[in-house]
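S.K.: Just the structure for this:
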Amino acid sequence: MAERIPIGSDHAGVELKARLIEELEALGYQPVDMGTGDSKSVDYPDFAHRVAAEVERGEAWRGILLCGTGLGMSYAANRHPGVRAALSWTPEIAKLARRHNDANVLVLPARFVSEQEGVEILRTWLDTPFDGGRHVRRVEKIESGTRYAEP
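M.R.: Next up is the predicted model:
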């Protein structure tokens with residue numbers, strides 16, 4: 001059974017989202033379009049919360065979000081327990097987000113990456129495993145909400 005991946009965007013990301021959906025399908029994934037469907041102005045948190053809630057509830061292992069800068073989507077998505085949304089503007093950032101932070105939501109800045117770059121970032125994020133090891137402790141601290149303590 002194909003992995004189900006919810007994907008959402010605001011109006012700024014709708015065109016790149018359509019291309020990423022095509023790519024996900026070609027790679028054998030089951031993308032689920034969580035909106036928006038056109039370039040009419042909408043509020044990005046509505047779509048960030050839809051995708052992040054699916055990851056939070058375990059209905060999807062990972063998700064994808066797009067908006068103009070990626071910042072708003074990442075702020076909203078990271079409010080959900082268990083969600084580690086990573087704003088990635090290069091394949092290298094996406095790779096490190098997966099390897100070191102076990103990022104389970106990819107956020108793309110649609111106004112700052114080309115279609116080709118977006119596809120490359122997506123493929124890198126999909127193909128990169130979590131390194132585990134010393135990074136497990138750090139992810140656990142993210143999840144626990146442990147307050148900062150002097151080293």
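
S.K.: C-alpha only now, for contacts and for neighbours.
M.R.: Noted.

S.K.: Pull the residues that contact stretch 101-119.
M.R.: Outside stretch 101-119, the residues that touch it by C-alpha atoms under 8 Å, 6 or more residues apart in numbering are 12-13, 16, 19-20, 23, 52, 55, 61-71, 73-74, 83-91, 94, 97-98, 122, 125, 129-130, 135, 138-139.

S.K.: Any chance of a PyMOL selection covering the buried ones in those residues?
M.R.: Only the buried entries of the contacts of stretch 101-119 go into this PyMOL selection, using 16 or more other C-alpha atoms under 10 Å:
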select buried, resi 12+13+16+20+23+52+55+61+62+63+64+65+66+67+68+69+70+71+73+74+83+84+85+86+87+88+89+90+91+94+97+98+122+125+129+130+139
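
S.K.: Now stretch 1-18: buried residues?
M.R.: 4-18.

S.K.: among these, which are in helices?
M.R.: In helices, judged by DSSP state H, the following of those are found: 14-18.

S.K.: Distance to Leu108 added to these, as CSV?
M.R.: Below are those laid out as CSV (distance: C-alpha to C-alpha, whole Å):
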residue, distance to Leu108
Val14, 11
Glu15, 12
Leu16, 9
Lys17, 9
Ala18, 13
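
S.K.: Reformat those as TSV; add distance to Lys40 and pLDDT.
M.R.: Converted to TSV, these look like this (distance: C-alpha to C-alpha, whole Å; pLDDT from 0 to 100):
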residue	distance to Lys40	pLDDT
Val14	10	98
Glu15	12	98
Leu16	15	98
Lys17	15	98
Ala18	15	98
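
S.K.: Just say helix, strand or coil for the most centrally placed residue in the chain.
M.R.: Centroid-nearest residue in the chain: Leu106, 1.9 Å away (criterion: C-alpha atoms, centre = their mean). Three-state assignment for Leu106 (DSSP: H, G, I helix; E, B strand; the rest coil): strand.

S.K.: Perfect, I'm done here.
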